[in-house]
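Trainee: Could you look at this predicted model? Sequence included:
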Amino acid sequence: MEKKDINWGELGFGYMPTDYRFVSNWKNGAWDDGALITDPNIVISECAGVLQYAQTVFEGLKAYTTEDGRIVCFRPDLNADRLEASCKRLQMPVFPKERFIEAVREVVKSNAAFVPPFGSGATLYLRPYMFGSDAVIGVKPATEYQFRILCTPVGPYFKGGVKPLTVRISDLDRAAPRGTGNIKAGLNYAMSLYNIVDAHNCGFDENIYLDPGTRTKIEETGGANIIFVTKDNKVVTPKSDSILPSITRRSLLQVAADYCGLEVEEREIELAEIGEFAECGLCGTAAVISPVGKIVDHGKEICLPAGMTEMGPVTKKLYDTLTGIQMGRIPAPEGWIVEIM
Ligand code: PLP
Ligand code: COI
C-alpha cells in the first residue's frame, strides 16, 4: 500500500480529511448496520440536540505503525467503555463495544495510506463521537443519534514537541462537584475555550484546574491528566471524581510499577505541595507524556528541578516504555495492543 504524500515530520495536531469515516445512525431505538463513507460533511436538523443543548460525547485514540510494519491500536476497549459512561451520563444510546472496536478497525484499515510510518514522529488520531441529531426544542434528549469515527494524521499536541511546558494554575474551574468532569463530553471543552485562549495569550501552554469543591487540590489540565514524580522516584497522580479517567494515565501507572519497578500512588495532591516534586508531566492520548518545566501560581513560579530543556529521567523512562509498547518495540501486557493489519 502506497502512503499519501504527506510531510509526516512537519505535522502538528490538526485536522486533515482522510478517505473514509465510519457512520452509524440510531433511530426507532436501534443502531443501523453502519458503513464507511467518503463525504466528510454532515447535514442535520437546524434544531438538532447537539446544536441546541450540546448533546455530544467523544473519544480519542491512536493507530501506530510498528517497527516491523504492522498497524496497531492501543486499548480501544477502554475507549469503548468510557464512551459508554459518557453516553449514559448524557442520556444517549450506547454503541456496543464489539461494534466500536470493529469500526475502529475498518476506519484504520480503509485509511491505511494515512497512517504515518514508523519513526516519523506522527500517528493516526482517531476521533469516535456521537451526537443527538434530530430536533429538540424543549430541554430533553434527542430521539435520533449519529455515531462516527473520523481519523486524521497528527504530530505533537504541544508546539515544540517534547520541550518542557509552562502551565498556570487556573482561576476558573473545568468541572463542578458531582458534575460531568469525569466524562468526555463536548460541554467540558466548550467551557474551557475562553481559558485556554487566555492562557496562550498570557504565555502559558495549559491551565491546571483545581478541585472545584475546595480549590486546594490539583485535578488535571484542559486536555490531559497530570503525573508527578517525587524526589525519591515515586509516581503520584491525583485521585478525584471530577477528572477524566485517562487511559494513558492508567496505563502509565501500570507501566511504572510493572516495567520500571517504581512505586505508584493515586491520592489527593494539595496545591501547597507541588513545590516538593522532582518532575511533572501531562498525559493523554494527544499529549502522550509532555513534561512540565514550570508551574505558575499567580506570579509564584514553581520550577521543577527537571528543568526547562529536557524531560526528567523518570518521565523519560515512562515515555520510552509506553511508546515502546505502543509501537511494538516492547512486549505489551495482555490485551493492550489490537493488531489491525
Ligand atoms: N483529561 C482530559 C480533559 C482529556 O481531554 C484527555 C484526553 O483524552 C485526557 C485527560 C487523557 O485521556 P486519555 O489518556 O484517555 O487520552
Ligand atoms: C485526547 O488526548 O484524545 C484528547 O481528546 C485531548 C484533546 C484535548 C485533544
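Mentor: That came in fine, so what should we check first? Ligands and ions are numbered 1, 2, ... in the order given.

Trainee: any idea of the mean pLDDT in stretch 243-261?
Mentor: The average pLDDT within stretch 243-261 is 98.

Trainee: cool, and stretch 80-99?
Mentor: According to the model, stretch 80-99 has a mean pLDDT of 98.

Trainee: now the end-to-end length of that stretch.
Mentor: 9 Å (CA to CA, to the nearest Å).

Trainee: anything in that stretch near ligand 2?
Mentor: No: against ligand 2, stretch 80-99 shows no contacts by CB under 6 Å from any ligand atom, the least distance being 10.7 Å. In this view, the C-beta of every residue, glycine as well, is placed from N, C-alpha and C.

Trainee: does ligand 1 sit close to that stretch?
Mentor: No: Stretch 80-99 stays out of contact with ligand 1 when judged by CB under 6 Å from any ligand atom, the minimum separation being 7.0 Å.

Trainee: Pull the number of nearby residues for Ser45.
Mentor: 16 (other CB atoms under 10 Å).

Trainee: who's in contact with it?
Mentor: For Ser45, the contact set (CB atoms under 8 Å, 6 or more residues apart in numbering) comprises Leu51, Ser133, Asp134, Ala135.

Trainee: That one falls within a helix, correct?
Mentor: No: going by DSSP: H, G, I helix; E, B strand; the rest coil, the assignment for Ser45 is coil, not a helix.

Trainee: Just put the contacts of Ser45 in TSV and tack on pLDDT and secondary structure.
Mentor: Output for the contacts of Ser45, formatted as TSV (pLDDT from 0 to 100; DSSP: H, G, I helix; E, B strand; the rest coil):
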residue	pLDDT	secondary structure
Leu51	98	helix
Ser133	98	coil
Asp134	98	coil
Ala135	98	strand
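
Trainee: and the two most separated of these?
Mentor: Farthest pair in the contacts of Ser45 (CB to CB) is Leu51 and Asp134. Separation: 10.9 Å.

Trainee: so what's in contact with these two at the same time?
Mentor: Both Leu51 and Asp134 are in contact with Ile44, Ser45, where contact means CB under 8 Å, 6+ apart.

Trainee: most surrounded residue in the contacts of Ser45?
Mentor: Counting by other CB under 10 Å, Ser133 has the largest number of neighbours within the contacts of Ser45, with 24 neighbours.

Trainee: Which stretches in the stretch 151-300 of the chain count as helices?
Mentor: 186-190, 193-201, 247-258 (DSSP state H, counting those that start in this stretch).

Trainee: and stretch 318-330, anywhere near ligand 2?
Mentor: No: using CB under 6 Å from any ligand atom, stretch 318-330 stays clear of ligand 2, coming no nearer than 13.5 Å.

Trainee: And the contacts of that stretch?
Mentor: Taking CB under 8 Å, 6+ apart as the rule, stretch 318-330 contacts 62, 64-68, 70, 72, 74, 118, 162, 227, 235, 248, 251-252, 255-256, 259-260, 281, 288-289, 311, 331-333, 336-337.
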